[in-house]
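Student: From the sequence below, what's the structure:
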Amino acid sequence: MQIKLSMLIFTSLLLCACASAPDVKGSWIDGRKPNPPIEKQGIYIGPEGKAASINGQNKAYKTWSRKGKNLTLTGVDASNNQFTDFTENYKIKKIKDGVMTLEKEGKLLHYIKDDSANYKENR
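Tutor: Numbering: from 1, shown residues only. Coordinates of the predicted model:
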């Protein structure tokens, strides 16, 4: 009896550990409600580690990677007519019901999934 119970608990824990993490792929729009409304801005997280900006003025995202709850985005910042490579590291706090909450340097950032948003692939 005790062996069966132990096996049941072990199997349950194994299934929980193997459950896949929510998918980050897709178009994610800045969840702040601007006033007045502006164009949708955000990040496209695509297949094979490719990323792109959605209506970004200065940042051109290039790649992304994920390790557990850590999301890393890389790209080029074109501020002040200078082109500088950058890496941004985020902690994924939650992905649920089409909302992704990221944390960076103690600040929470909210993105809404919107696969109708247009993006330009950066080359």
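
Student: Only C-alpha atoms from now on, for both contacts and neighbour counts.
Tutor: OK.

Student: distance of residue 98 from residue 83?
Tutor: As for residue 98, its distance to residue 83 is 33 Å (criterion: C-alpha to C-alpha, to the nearest Å).

Student: burial count for residue 80?
Tutor: 7 (other C-alpha atoms under 10 Å).

Student: More neighbours: residue 98 and residue 83, which one.
Tutor: Neighbour totals were compared for residue 98 and residue 83, and residue 83 leads with 14 against 10 (other C-alpha under 10 Å).

Student: so that one touches residue 77, yeah?
Tutor: Yes. Using C-alpha atoms under 8 Å, residue 83 makes contact with residue 77 at a distance of 5.5 Å.

Student: What is the burial count for residue 115?
Tutor: The burial count for residue 115: 13, using other C-alpha under 10 Å.

Student: what does residue 62 give?
Tutor: Count around residue 62 with other C-alpha under 10 Å applied: 21.

Student: Next, it: secondary structure please.
Tutor: Using DSSP: H, G, I helix; E, B strand; the rest coil, the structure places residue 62 in strand.

Student: please renumber so the chain begins at 294
Tutor: OK, 294 is where the count begins now, so the last one is residue 355.

Student: Could you verify my assumption that it touches residue 368?
Tutor: Yes. Assessed by C-alpha under 8 Å, residue 355 is found in contact with residue 368 at 4.6 Å.

Student: Residues touching stretch 398-407, excluding its own?
Tutor: 319-325, 335, 391-396 (C-alpha atoms under 8 Å, 6 or more residues apart in numbering).

Student: most neighbours, which of those residues?
Tutor: residue 321 (26 neighbours).

Student: Mind listing the residues bridging to residue 346?
Tutor: Using DSSP bridges, the beta-bridge partners of residue 346 come out as residue 336.

Student: So it versus residue 389, what's the distance?
Tutor: In terms of C-alpha to C-alpha, residue 346 sits 22 Å off from residue 389.

Student: hey, where'd the strands end up in the protein?
Tutor: 319-323, 335-338, 344-347, 352-360, 363-370, 377-389, 392-397, 400-406 (DSSP state E).
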